[in-house]
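Quick one, what's the 3D model for this:
(one chain, ligands or ions: 1)
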Amino acid sequence: MGVIVPIRTLGSEDTVGMDLNRGDSNEQLLYEQVAARFVSLIEKGTLQVGERLPSVRRMAAQEKVSISTVVHAYRALEDDGWLEARPQSGYYVRRKPAALKGVPLPPEPEVSRPRCEAELVSVAELSMRVAHATRDPNMIQLGMAVCDPNIHPTRQLNRMLLEVARNCSSAGNTYDFSPGSPVLRAAIAGRLVQAGCSLGPDDLVLTLGCLEGLNLCLRAVCEPGDTVVLESPTYFSALQAIEMLGLRALEVPTHPRDGIVLEALEEVLEREPVKACLLMPCFSNPLGSRMPDENKRRLVEMLRERQVPLIEDDIWADTSFEEPRPRAAKAFDEDGWVMLCSSFSKTLGPGYRVGWVAPGRWRRKVEYLKLVTSIANPTLPSLAVAEFLRRGGYDHHLRRVRRLFAEGVECGLRAVGCYFPDGTRVTRPRGGHMLWVELPPGVDSVELFEAALHANISIAPGQIFSSRPSSHRFVRLNCAYHPPDVIETALQTLGRLVEERV
Ligand SMILES: Cc1ncc(COP(=O)(O)O)c(C=O)c1O
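Model (predicted):
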């Protein structure tokens, strides 16, 4: 049970307390005053990190202010990083991470230099080993691309699942044939306005997460043996899909901040029979790179001229640390050459498996491939997510996601700066929750992966993010599965393991 804080009797400026009871007070001023009072209590140590605040109802009754004033105040404090809302539990005081100030950060990695040749992929074995390690609950999880499940609004989603199940009786247990729930597709089309896209529900096909969408798009536009262009490094499940479909991967130099290098891509398109590009313009995994809008426009134009489809993986875009989210490359697509794939896995959680594709000119083919692959998405989760979007609150939830991811990344950067030896390089992502770390010469990332497992830490070795074993001096680190203090301690251990191998 947390302390009860009589706001009006704590702190030094009694006028604030008096204002709280003024019936005619401006609502906005009132919640700001409540919030400001909490900040001063936290700063003085009266409220301790980890302490639970009184419930909204209790606080409102105690202070004779409205419930909405307290809700506003708690939310503002949550947005500012002072409080943390824990599902089914309440609001807790959280530790604000110390500023990066004073910690010298290692430089960023340079533009990647892959061989720029089409080749068959073989990442299956190592990536399965990494996947098994990342599922071990006893490990400190720096390896997978999954955040702390408590960040997701699971309680609200589950409540909506129960409600829709109760209300739609047997209709919830029939096939929701491809392209899937019209209500959900309309809600997703509405959200894609923020990505700069003018799409309607009929432009979308629902999929089982983003990965199914990527697979369907590859199958829609490629035959075995065809060449697909990718960033270097790239998302390993895209490489696995390419491997399983018998396609060839051609990795192109990629800038750690700005994404694929367009001049290099153009040169490849001139010389190779490229069948598709599969790229992540808005926060790639693992680099976290974000293409400037002008590059996206040029990319779309370059591919349209050569009639090469762009499969755009947009899954991380909503986690942008800055609002609004960046525009999708699809926003610059006038002729349907961009196939946009995404899901709610990184924001609402991966368990509901709600994903979608806007396949452009391959709309009917993707709908058909979805039908013959898995017929439909599960009906009730689609309806529950549609209801969640309809009631609002997604944007508020996103603010929390963005803040927590940004804090995690900042903490990770600081720890790499403090504990990793000279010769280390690290990215500066502005979205997502991954760091791509280049280790000093002589350190092999698979060997480090094994050593880290002995220390109960799972990391993702760089090799799985390339079609060739070229990223052997890189690791990807997840900064959002554990709280900042756990991440910092784990990175201290990892830094020592790196140091021992230099
Ligand atoms: C870039 C990228 N695309 C797709 C996925 C898979 O998404 P989903 O779980 O929605 O299938 C991930 C998951 O980590 C990812 O990082």
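
Any idea how far stretch 458-469 is from the middle of the chain?
Relative to its chain's centre, stretch 458-469 lies at 19 Å (CA atoms, centre = their mean, to the nearest Å).

So that stretch, near the ligand or not?
No. Judged by CB under 6 Å from any ligand atom, stretch 458-469 makes no contact with the ligand; its nearest approach is 10.8 Å. Glycine gets a C-beta too; all of them are placed from N, C-alpha and C.

What mean pLDDT does that stretch get?
Mean pLDDT, stretch 458-469: 90.

gap between Ala241 and Leu214?
6 Å (CB to CB, to the nearest Å).

whoops, Gly143 was the one
With CB to CB as the criterion, Gly143 and Leu214 are 21 Å apart.

out of Ala241 and Leu214, which sits in the more crowded spot?
Remark: of Ala241 and Leu214, Leu214 carries more neighbours, 25 against 21, as counted by other CB atoms under 10 Å.

quick check: domain ranges of the protein?
7-93, 122-149+396-501, 153-392 (automatic domain parsing).

Write out the residues of the protein neighbouring the ligand.
Counting by CB under 6 Å from any ligand atom, the residues of the chain that sit close to the ligand are 145, 209-211, 235, 280, 285, 313, 315, 343, 345, 350, 355.

Identify, from those residues, the entry nearest to Gly246.
Distances from Gly246 to the residues of the chain next to the ligand, taken as CB to CB, are shortest for Leu211 (17.8 Å).

can you give me the offset of the helix or strand the closest one falls within from its chain's centre?
Per DSSP states H and E, Leu211 falls inside helix 209-221. Computed by CA atoms, centre = their mean, the chain-centroid distance of helix 209-221 equals 19 Å.

Just give the nearest non-adjacent residue to Ala331, would you?
Gly196 (2.9 Å; CB to CB, 6 or more residues apart in numbering).

again with Gly246
Pro224 is the one closest to Gly246 (CB to CB, 6+ apart), at 3.5 Å.

Next, give phi and psi for the one you found.
phi -50, psi 140 (degrees, to the nearest 10).

what sits against it?
245-247 (CB atoms under 8 Å, 6 or more residues apart in numbering).

what's the answer for Val372, then?
Val372 touches nothing, counting by CB under 8 Å, 6+ apart.

Next one: the closest residue to the ligand within the stretch 201-350 of the chain, what pLDDT does it get?
Using CB to the nearest ligand atom, Gly209 is the residue of the stretch 201-350 of the chain that sits closest to the ligand, at 2.5 Å. Gly209 is assigned a predicted lDDT (pLDDT) of 98.

likewise Lys44?
Lys44 is given a pLDDT of 78.

can you check the one 5 residues further on too?
As predicted, Val49 sits at a pLDDT of 76.

can you check the one 3 residues further on too?
For Arg52, the model assigns a pLDDT of 85.

So it sits against Tyr91, correct?
Yes. The criterion here is CB atoms under 8 Å, and Arg52 meets it with Tyr91 at 7.0 Å.

More neighbours: these two, which one.
Taking neighbours as other CB under 10 Å, Arg52 and Tyr91 compare with Tyr91 leading, 25 against 16.

Quick check: phi and psi on that one?
Dihedral angles for Tyr91 - degrees, to the nearest 10 - are phi -100, psi 140.

Who does it form a beta bridge with?
Ala85 (DSSP bridges).

Next one: it from Gln156, what distance?
Distance from Tyr91 to Gln156, by CB to CB: 16 Å.

Could you tell me how many residues sit around the closest residue in space to Arg306 that isn't next to it in sequence?
Nearest in space to Arg306, with sequence neighbours left out and distances taken as CB to CB, 6+ apart, is Leu269 at 5.6 Å. Leu269: 18 surrounding residues under other CB under 10 Å.

Ok, Trp82 next?
21.

now do Pro273
9.

Report the contact partners of the spatially closest residue to it that is not a sequence neighbour.
Excluding its sequence neighbours, the residue lying closest to Pro273 (CB to CB, 6+ apart) is Thr227, at 6.3 Å. Residues near Thr227 by CB under 8 Å, 6+ apart: 118, 247-250, 272-275.

6 Å instead?
118, 248, 250, 272, 274-275 (CB atoms under 6 Å, 6 or more residues apart in numbering).

Pull out the buried positions in stretch 263-278.
264-265, 268-269, 274-278 (16 or more other CB atoms under 10 Å).

now, the most widely separated pair of the residues you listed?
Ala264 and Lys275 (18.1 Å).

The longest helix that the chain contains - contacts with which helices or strands?
If you go by DSSP state H, the chain has its longest helix at helix 394-419. Helices and strands touching helix 394-419, by 3 or more CB pairs under 6 Å, 6 or more residues apart in numbering; DSSP states H and E, are helix 484-501.

Could you check the angle the helix it packs on makes with helix 394-419?
40 degrees (axes from the mean of the first three to the mean of the last three CA atoms, to 10 degrees).

Give me the neighbour count for Ala358.
Ala358 has 29 nearby residues by other CB under 10 Å.

actually Arg325, not the one I wrote
Neighbour tally, Arg325, other CB under 10 Å: 21.

Make 617 the first number, not 1, from now on.
Renumbered: residue one is now 617, and that last one reads Arg941.

State the pLDDT value of it.
For Arg941, pLDDT reads 97.

where does it fall, phi/psi-wise?
On the backbone of Arg941 - angles per degrees, to the nearest 10 - the values are phi -60, psi 150.

which non-adjacent residue is nearest it?
Ala933 is the one closest to Arg941 (CB to CB, 6+ apart), at 4.9 Å.

Please apply the same query to Val1017.
Thr963 (5.6 Å).

did I read that right, the one you found in a strand?
No. Under DSSP: H, G, I helix; E, B strand; the rest coil, Thr963 sits outside any strand and is assigned coil.

Would you confirm that it contacts Ala933?
No. Using CB atoms under 6 Å as the test, Thr963 is too far from Ala933 to be in contact (9.8 Å).

Low-confidence stretches in this protein?
Applying pLDDT under 70 to the chain picks out residues 617-644, 703-704, 711-718, 1085-1086.

Sort out which of the residues of the chain next to the ligand are buried, if you could.
761, 825-827, 851, 896, 901, 929, 931, 959, 961, 966, 971.

and which of those is nearest Ser1082?
Tyr851 (11.0 Å).

quick one on the thing from earlier: just list the residues touching the residue of the stretch 817-966 of the chain closest to the ligand, thanks.
Gly825 neighbours (CB under 6 Å, 6+ apart): 959, 961, 969, 971.

quick revisit: could I get the buried ones among the residues of the chain next to the ligand as a markdown table with distance to Val1042?
Output for these, formatted as a markdown table (distance: CB to CB, whole Å):
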| residue | distance to Val1042 |
| --- | --- |
| Ala761 | 17 |
| Gly825 | 29 |
| Cys826 | 26 |
| Leu827 | 27 |
| Tyr851 | 19 |
| Met896 | 19 |
| Asn901 | 16 |
| Asp929 | 23 |
| Ile931 | 22 |
| Ser959 | 27 |
| Ser961 | 25 |
| Pro966 | 26 |
| Gly971 | 30 |
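
Next, report how far stretch 862-870 is displaced from the centre of its chain.
For stretch 862-870, the distance to the chain centre is 23 Å (CA atoms, centre = their mean).
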